[in-house]
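Trainee: Test case, fold it:
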Amino acid sequence: MENSADTSGIPTVAPELIGTWAEHRLARPALAELPRLTEVFRDILWTAQRYVPSESGSICLAGLSDPPGDLVYVAAFGAGAETIVGARLPAGEGITGRVFREGCSTLQNEAQGDRDFYAGIDESASYTTRSLLAVPVSLAEEPIGVIGLFNRTGLGGFSSEDLKLLEILGGYASNSLLNLVDAFRHREIAKRDDLTGLRNDRFFHQQLRVELERREVEGDDLSLIFLDLDRFKAIVDGHGHLVGSQVIAEVGWLIARVVRSPRATLARYGGDEFVIVLPGAGAAEAVAAAEAIRTAIAETAFLAEPGEDGRPALNLRGAFSASIGVASYRDCSFAAEPPTDWRVRQRDFIEAADQAMYRAKALGRDRVHLAP
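Mentor: So this is what the prediction gives:
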């Protein structure tokens, strides 16, 4: 961080730290919002420096360190900013830690006289804190970090008006983060099947196209699992549609427990059909995953607990099974030729796994069949 007058207000921001925080505190897909998250923190410090001129300032967040109680500095401006970003502050230490723990703003014009003053950050940055403002940042009323300004310039110290301005910025940060989280959640809802919580068929088709194109560039394998429940109609005929829906939901939850790969796309294709995209997986790995699912379905007593609507526990173990088709892209006959139409190539790949599933049914059901 340069210390000249022209650049002292330019924030140093660490997108990788903000991304880690977003992944831990929000969700992995929230990383798609990383540029906007980074801009929120950059804008806060830029605006704070403009309206409350200070020698330095910082933003620290909780929830991205080990131990998790530490605060980690993700953005800063002023002397030593590059040293401060990435530094950790135990939440039980310092005035900043107190602001985080108690959720109350602080104005201190004799910082080193405060009983909670912590000199560790000053020492690492070769800096001397004389005065400070610190306000909490929250997400859905839960404290997640602190914005701080240090050593007011042009005046003898910070004023109550300065504190009000920084509290407004803290509120802006909280609202901006909440809006990003809400936007992310709304998009996630649109991509998920209401009954199972897995991805829906629309998202599956979009993601399969992405994975096919990525596979064409990177050259690794890609496998697709197509699952259909055997004798599911008998469940619905014997117990009703509500029980059938609960069975579908529990099968979806089971698949999510069995397939733990972070790169996999798990989706309900429709009715009692499920699909799983396994990037980087060859035939043997995909067949092993399919067998694990088939075995888990065969061994699980579905609807083992009474329903909230008064339905008794049914313990449907062995009442139905799964026929599963597996297709490895590398082993498909069409894989040898570069695709001329991705829609056709996607359709052919789905059809290969689908036909393998029907072959499993023809061979007696409750089995896994690998596409030739």
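Trainee: what's in contact with stretch 230-238?
Mentor: 243-244, 247, 272, 316, 319-323, 361, 365-366 (CB atoms under 8 Å, 6 or more residues apart in numbering). Any C-beta I mention is one placed from the backbone N, CA and C, and that applies to glycine too.
Trainee: Just the ones in strands from those residues, please.
Mentor: The strands, defined by DSSP state E, take in 321-323 from the contacts of stretch 230-238.
Trainee: Those into CSV, with extra columns for neighbour count?
Mentor: Below are the ones in strands among the contacts of stretch 230-238 laid out as CSV (neighbours: other CB atoms under 10 Å):
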residue, neighbour count
Ser321, 16
Ala322, 26
Ser323, 24
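Trainee: just checking, Asp114 touches Gln108?
Mentor: Yes. Using CB atoms under 8 Å, Asp114 is in contact with Gln108, at 5.3 Å.
Trainee: Give me the common contacts of these two.
Mentor: Shared contacts of Asp114 and Gln108, defined by CB under 8 Å, 6+ apart, comprise Ile95.
Trainee: ok, Phe204 touching Thr265?
Mentor: Yes. Using CB under 8 Å, Phe204 is in contact with Thr265, at 6.3 Å.
Trainee: Output the longest helix belonging to the protein.
Mentor: Ranked by number of residues, the top helix in the chain under DSSP state H is helix 160-190.
Trainee: biggest separation within the contacts of stretch 230-238, which pair?
Mentor: Longest distance between any two of the contacts of stretch 230-238 is 22.8 Å, between Val243 and Lys361; criterion CB to CB.
Trainee: re the thing from before, list just the nearest of the ones in strands among the contacts of stretch 230-238 to Glu16.
Mentor: Ala322 (41.4 Å).
Trainee: Give me the pLDDT for that closest one.
Mentor: pLDDT for Ala322: 98.
Trainee: Is it bridged to anything, and to what?
Mentor: Leu229 (DSSP bridges).
Trainee: List the residues that contact it.
Mentor: Counted by CB under 8 Å, 6+ apart, Ala322 has contacts 227-230, 293-294, 297-298, 366.
Trainee: Which two of those residues have the greatest separation?
Mentor: Longest distance between any two of the contacts of Ala322 is 14.6 Å, between Asp228 and Ala298; criterion CB to CB.
Trainee: How is this protein divided into domains?
Mentor: Taking automatic domain parsing as the domain assignment, the ranges for the chain are 12-189, 201-370.
Trainee: Figure out which of those domains is closest to Leu195.
Mentor: Smallest distance to Leu195 across the domains of the chain (CB to CB): 5.2 Å, for domain 201-370.
Trainee: buried sites along whichever strand or helix holds Ala234?
Mentor: Using DSSP states H and E, Ala234 sits within helix 232-239. Under the neighbour-count criterion of 16 or more other CB atoms under 10 Å, helix 232-239 has 232, 235-236, 239 buried.
Trainee: Ser160 contacts Leu107, correct?
Mentor: Yes. Using CB under 8 Å, Ser160 is in contact with Leu107, at 6.9 Å.
Trainee: ok, back up a step: which of the domains of the chain comes out lowest on mean pLDDT?
Mentor: Across the domains of the chain, the lowest-scoring stretch is domain 12-189, with a mean of 85.
Trainee: What ranges does the stretch 201-350 of the chain have for its helices?
Mentor: 201-218, 232-239, 241-258, 283-299, 342-362 (DSSP state H, counting those that start in this stretch).
Trainee: which stretch among the ones you listed comes nearest Leu71?
Mentor: In terms of CB to CB, the element of those nearest to Leu71 is helix 241-258, at 33.4 Å.
Trainee: still on that earlier bit, which among the buried residues of helix 232-239 gets closest to Leu149?
Mentor: Taking the buried residues of helix 232-239 together and measuring to Leu149 by CB to CB, the closest member is Phe232, at 62.3 Å.
Trainee: Report the separation between that closest one and Thr295.
Mentor: As judged by CB to CB, to the nearest Å, Phe232 and Thr295 stand 18 Å apart.
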